[in-house]
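Visitor: Pasting the sequence and the predicted model now:
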Amino acid sequence: MKAEYINPFLESAIVVIEQVVQIRPATGQLGMKDITYIENHIWIQIGMNGQMNGNIVFGLSEGVALKMVSAMMGGYAISEIDEMGRSAISELGNMISGNASMLLYNQGVTVDITPPQVIQSAGAMNFSVTKALTVPLIMDGIGQLDIQVLVAS
């Protein structure tokens, strides 16, 4: 798996999070990670088809999701991820992935993305891939969002 697969998503995530959450995330260490499912976590899954086939998955704890959605809503405090919260998190994933697909296109890689799917149950995710190229984004005062790229070989 090539590290350049994740770079457009990383670059896009930093820009989008800075715009909608009003905080510039720091980049953690790039690495390979076993795909494990954690309870009380939310995943935003977006499929990729074209010259890259697979999934991009954004993973974050429910606590981080609450803080991000609150920031996206202008600081309005929320206590649970309801339909509005799922919609906001979904749109965040869509914005990041749409921007990343444009960056990939500018590099000569054509990729279509599927609409985001917000998954709050570990049992709902089912991938044939067991490892992901991953990089965490650390947001001061909010927490961490993991970007995982699962590319079919």
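Guide: Looks like it came in fine.

Visitor: buried stuff in the one helix or strand residue 92 maps to?
Guide: Using DSSP states H and E, residue 92 sits in helix 83-106. Using 16 or more other Cβ atoms under 10 Å as the test for burial, helix 83-106 gives 85-86, 88-90, 92-97, 99-101, 103-104. For the C-beta atoms, the positions are set from N, CA and C on the backbone; glycine is no exception.

Visitor: and the next element down the chain from it?
Guide: Assignment by DSSP H and E places the next element after helix 83-106 at strand 111-113.

Visitor: Could you identify the helix or strand that succeeds that next one?
Guide: Immediately after strand 111-113, counting by DSSP H and E, sits strand 117-119.

Visitor: That following strand - what's its average pLDDT?
Guide: Mean pLDDT, strand 117-119: 88.

Visitor: just stretch 100-110 next, same as before
Guide: Mean predicted confidence for stretch 100-110 is 92.

Visitor: now do stretch 30-45
Guide: Rounded mean pLDDT across stretch 30-45 is 81.
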